[in-house]
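Student: Provided below are the primary sequence and the corresponding predicted coordinates.
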Amino acid sequence: MNVQTIEQNGASFVVVPLAEWDELMARLEEREDGMDANRQLAAIRAGEETMSAEMVARLTSGESPLKVWREYRGYTLRVLAAEIGISSAAVSKIETGKSHPTVATLSKLAAALGCDMEDLT
């Protein structure tokens, strides 16, 4: 590496050719990306849930989050409704936007589906 040191007003500075600086920055970014990937893998190994690209696409396309989560968890309308103590028609109305759940119902739905209430709205 071609480095020049400059002393000025009691401080030391290092001058590096721009091409070498760019290479150093690229290598640093690659290292940081690798560290981020390792942290993410550790989180997944520790049990952090991941989502498929299909699920993310469904959630971001405007589809009912409740329906997406319900199907992702393998629930039918009837089974989910029975688990939280409401009718399957009520769950269907929430999924289609014809009805809005109370906070208590939303909390029960989120608990049954293993997600946050915010994930369902």
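Tutor: Structure's in. What do you need? Residues are numbered from 1 along each chain as shown.

Student: quick one: contacts for Y72?
Tutor: Contacts for Y72 were tallied using Cβ atoms under 8 Å, 6 or more residues apart in numbering; they are 51, 55. Every C-beta, even on glycine, is put in place using the N, C-alpha and C of the backbone.

Student: any idea how far it is from T50?
Tutor: Taking Cβ to Cβ, to the nearest Å as the measure, Y72 falls 12 Å from T50.

Student: got the domain ranges for the protein?
Tutor: In terms of domains, the chain is parsed into 4-45, 53-120 (source: automatic domain parsing).

Student: deepest of those domains, which one?
Tutor: For these, the stretch with the most neighbours on average is domain 53-120, a mean of 15; neighbours defined as mean count of other Cβ atoms under 10 Å.

Student: put the alpha carbons of whatever helix or strand V56 lives in into PDB.
Tutor: Of the helices and strands defined by DSSP states H and E, V56 is found in helix 53-60. The C-alpha trace of helix 53-60 is given here as PDB (Å, rounded to 0.1, in the frame of the first residue of the first chain):
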ATOM      1  CA  ALA A  53     -40.800 -14.900  -0.500                       C
ATOM      2  CA  GLU A  54     -44.300 -16.000  -1.300                       C
ATOM      3  CA  MET A  55     -45.600 -14.900   2.100                       C
ATOM      4  CA  VAL A  56     -43.800 -11.600   1.900                       C
ATOM      5  CA  ALA A  57     -45.300 -11.000  -1.600                       C
ATOM      6  CA  ARG A  58     -48.800 -11.800  -0.400                       C
ATOM      7  CA  LEU A  59     -48.400  -9.500   2.600                       C
ATOM      8  CA  THR A  60     -47.100  -6.600   0.500                       C
END
